[in-house]
Structures are given as structure tokens and as C-alpha cells.
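**Q** Here is a sequence together with a model predicted from it:
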Amino acid sequence: MPPVAMQSLAQILTDHADAVRSAWITAVADELRGRTSRGELEREQADIFDALVEGLQRGGERIGDEPFDQLRGILSDVSSARARLGFTPRETAVGVFALKEGLYGLSAQGVTTDVTPLLRLVDELGLFTFESFAAAREAIIVEQSEQLLELSTPVVKIWEGVVAVPLVGTLDSARTQVVMETLLNTLVETGSAHAIIDITGVPAVDTQVAQHLLKTVVAARLMGAECTISGIRPQIAQTIVALGIEFGDIRTRATLADALVDALRSDRRTAATVLA
Amino acid sequence: MTTATLERLAVSTDADVVRVRQAVRTFAQQARLSLVDQTKFVTAASELARNMLVYGGGGDVEVEVVSDGRRTGVRAAFADEGPGIPDLDLALTDGWTSGGGLGLGLSGSRRLVGQFSIDTAPGAGTRVEIATWSR
């Protein structure tokens, strides 16, 4: 009867706890040398070990069983912590798989019971750890791309009446929307008459990017601001020409500095006209 | 680090288009294209991958470094199982679009690369192959 077998395995683990755990920790410590302290590992393993034994005593057989709820909780905490600390998948999984080292040693301790179900369980635990690790990594990536979306679109005031957006990276619809909104809002807030969109950090300008840029410029114009696109590098210029994109009467400049000088000049002209 | 000579990528989201662009750039660098040719090739790949996503409902991209013994080049194939293009001449006309774009993607990318071939029929999907050789 399986539950009885699992419970007797729990008994074996408790009886040989010291031997199993010391073999386990030695194997892990070898792999993780310098990444984490032995004290930390011992605490971590004590938690895992206790939860495992408890789960077995309560008749758990497979990782998905209810008696292992606590064990799964601990494992997913440990693996997401590792993912955040930049451990490799191997370094994370070895923490569980090395438990087998302890189990292999059991026969030398005079244990005659077949511990195969335990080994199988450890495999499942390892896979679970791996899945939690991957899920944690996914979550980090999603988080980072959201942060990037916000970070990469700062609108900065570089002179009285002149705001600039240095664009870096890929421009997709979502990002352009954010850029356009923040740009238009900043124009109003700062009462600026000039906006400079700098595309030095954009690796490729295809028709979609160009279309987004054109729309932003037109929107800024509707609000009475003059918009300049700067930072057009030679290879981008040649690509735009070959692609056949017309920038029409939109002002473009090679560098942000040129664009700023331009904006200041036209400002001075406007001021002179008003004074006269 | 080993350098892959062939890579297959599935395109089903906007983020995949970015991945295609990055992969193509890596291959174009491996093929020792000039910076201008690299940028042109990457831009063309970006157009075609997006076309595939928008009009073909997604598809597969295959990128590889090719060599004829004397020169190296980069080749990319974009295949989808979408509705195909009914009037190819019209689709290759500058400024014509069936969507909301500028109408320069397909026609423009033909000018950006060294070799361009397109194989399509209504209801049979579309396959576009582009290649640029180093000079």
C-alpha cells in the first residue's frame, strides 16, 4: 500500500537525517561555493527537509499532493529568490537534486528498503524548482520591460521654451503612444514652442517607426509647437531614402545640438518680431 | 562562442518582430555587411516581418549566412499561410496600402536589399525571400 510505504520512507529519512543532510549539503556547497554561505544553505535545507518529512508522514506521494503544500511553498520561495539574485538554472536546481547524494548513501548505512519512490519524488521536486525558477525569471523580464517603457521616454526641458525627447531602442505602437502623450503634455506644462525628437538611439527606422514619428510631429504642430527630428545617422538617412519615406516639410537635423541652435534662433526671430 | 549559421523564428506578436530584427542584425554582422547594408537589410526584415504579422496573421522567418566561396551574404525568408496577395503589381506600388500604413513596406524593402523574390497566390500564403551580399 503506497501511503504506508511513503510513511516508512519518512521514518528512514528521520532515522538517518544527519547522514543524508550532510551528504546533501556537501554536494550543494561544492556547486555553490562562493555564491552563498553554508549557514544559509543549512537553514534552507533544514526547512526543505522538515517539510519533506512532514509531507511524507502525512501520506504525500507526488509533488502535487496536498501534504506537500508547504514544501512547494518553500521551494518556490527559494527558487524565485535565486532567480532574483542572478543564480543560474543549474545552481538553483542542484540545491534539490543534490538531495539524491544523501539518498544514494542510505544503502551504505544499512538501509535495505527500496528508496526508489523517494528518488522519483526528488526528481519531481527538482522539476518543480526549475519551473518556479523559470516563472520567476519570466516575471522579472515582464517587470523590466514595463520599467523600460516608462524609463525610456523622458521628456526633458533643455532650454526655456525647448523640450527634447531622446528616443532609445525599439519604437513600437505602445511606446510611441507614451512618447506622444508625454511630449504633448510637457509642451503644455512648460509652455514650450519647440520640441526636439532625437532618434540617435533608435537602431532602425522602418515605415512603422516613421509613421509614428510623423504623427507625433503633426500632433505637436496642431498644438502650435514646432517639431524637429534630430540624430539621423548616415545609415538611417540612406535607409529612409531607399525605403521612399517622405519627411516632407518636417525639420530634420543631424544632431541634437544643431536642432537646439535652430530652435533658439527661430525663437529670437519671433521675439524680435513681437518687440518691433 | 559558436556562431549559428541558420536560425528559425516564429512571428506572432510585436515583440517577435523585434526579435527577428535582432537576429537578422547579428547575422548581417556575421556576413560582414557594411553598416549601411546592415541597417538596410534589418529595416527590410522588419518591414516584411511586420507585414507577415499584420496581413498574414503571423508566420515563420528563416535567417542564414550564405557564402558562394568568394563573398558572404545574409539571406532571410518570410513565410506565412495568410490570404496571399491578389494583385502583386499593385502591392508593389509605392504608397499603396490595404491597411493603415505608409504603403512603402513591401516596395521599399525591395529597394533596400540585393535580391528580392516573392511567391504568392490568393489563399496560398506568401513567401518573400531577401538576400544581400557583402561587397
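**A** Received, thanks. Computed from a prediction, not measured in an experiment: that's the story for all the values here.

**Q** who touches residue B:130 in this structure?
**A** B:41, B:44-45, B:48, B:75-77, B:109, B:113-117 (C-beta atoms under 8 Å, 6 or more residues apart in numbering or on different chains). Glycine gets a C-beta too; all of them are placed from N, C-alpha and C.

**Q** same deal with residue A:31?
**A** A:90-91, A:94, A:98.

**Q** The same query, at a cut-off of 10 Å, please.
**A** A:90-91, A:93-95, A:97-98 (C-beta atoms under 10 Å, 6 or more residues apart in numbering or on different chains).

**Q** which bits of the stretch 51-200 of chain A sit near chain B?
**A** A:145, A:169-170, A:172-174 (C-beta under 10 Å from any C-beta of the partner chain).

**Q** Out of those, who's the most crowded?
**A** residue A:170 (19 neighbours; other C-beta atoms under 10 Å in any protein chain shown).

**Q** That one touches residue B:42, doesn't it?
**A** No: with contacts counted by C-beta atoms under 10 Å, residue A:170 stays clear of residue B:42, the gap being 11.5 Å.

**Q** Could you tell me which residues touch both of the two?
**A** A:203-204, B:21-22.

**Q** Let me know the closest of the contacts of residue A:31 to chain B.
**A** residue A:90 (18.5 Å; C-beta to the nearest C-beta).

**Q** so how far is chain B from the residue nearest to the closest one when sequence neighbours are not counted?
**A** Excluding its sequence neighbours, the residue lying closest to residue A:90 (C-beta to C-beta, 6 or more residues apart in numbering or on different chains) is residue A:31, at 7.7 Å. As judged by C-beta to the nearest C-beta, to the nearest Å, residue A:31 and chain B stand 24 Å apart.

**Q** Leaving out chain neighbours, which residue sits closest to the most centrally placed residue in chain B?
**A** In chain B, the residue lying closest to the centroid (C-alpha atoms, centre = their mean) is residue B:45, at 3.5 Å. Distance criterion C-beta to C-beta, 6+ apart; nearest residue to residue B:45, sequence neighbours excluded, is residue B:24 at 4.2 Å.

**Q** on that earlier part again, could you check how far the residue nearest to residue A:90 is from residue B:12?
**A** Note on residue A:31: its distance to residue B:12, by C-beta to C-beta, to the nearest Å, is 38 Å.

**Q** Please list all residues in contact with the residue lying closest to residue A:57 once chain neighbours are set aside.
**A** Nearest residue to residue A:57 in three dimensions, chain neighbours excluded: residue A:10, at 4.6 Å (C-beta to C-beta, 6+ apart). If a contact means C-beta under 10 Å, 6+ apart, then residue A:10 has A:52-60, A:118 as its contacts.

**Q** How far off centre is stretch A:87-98?
**A** Offset of stretch A:87-98 from its chain centre (C-alpha atoms, centre = their mean, to the nearest Å): 20 Å.

**Q** Tell me the first helix or strand C-terminal of the lengthiest helix in chain B.
**A** If you go by DSSP state H, chain B has its longest helix at helix B:35-55. Going down the chain from helix B:35-55, the next helix or strand is strand B:59-67, by DSSP states H and E.

**Q** Is the very next helix or strand once past that following strand positioned near chain A?
**A** Next in sequence after strand B:59-67, counting helices and strands by DSSP H and E, comes strand B:72-80. No: applying C-beta under 10 Å from any C-beta, one finds strand B:72-80 out of contact with chain A, separated by at least 13.9 Å.

**Q** okay, among the shared contacts of residue A:170 and residue B:42, which ones form the most distant pair?
**A** A:204 and B:22 (10.2 Å; C-beta to C-beta).

**Q** who touches both of those two?
**A** A:170, B:42.

**Q** who touches stretch A:49-58?
**A** A:3, A:5-14, A:17, A:20-21, A:24, A:45, A:60-61, A:63, A:65-75, A:96, A:99, A:102, A:117-118, A:121-122, A:125.

**Q** If we use 6 Å, what do you get?
**A** A:6-7, A:9-10, A:13-14, A:67-68, A:70-71, A:74 (C-beta atoms under 6 Å, 6 or more residues apart in numbering or on different chains).

**Q** ok, now stretch A:209-221?
**A** By C-beta under 6 Å, 6+ apart, stretch A:209-221 touches A:171, A:176, A:180, A:195, A:227, A:245, A:250, B:102.

**Q** Can you tell me the number of residues neighbouring the last one?
**A** In this case it means residue B:102. 20.

**Q** any idea of the pLDDT on the closest residue to chain B within the stretch 1-150 of chain A?
**A** Closest approach between the stretch 1-150 of chain A and chain B, counting by C-beta to the nearest C-beta: residue A:145, at 8.4 Å. Note for residue A:145: predicted pLDDT of 73.
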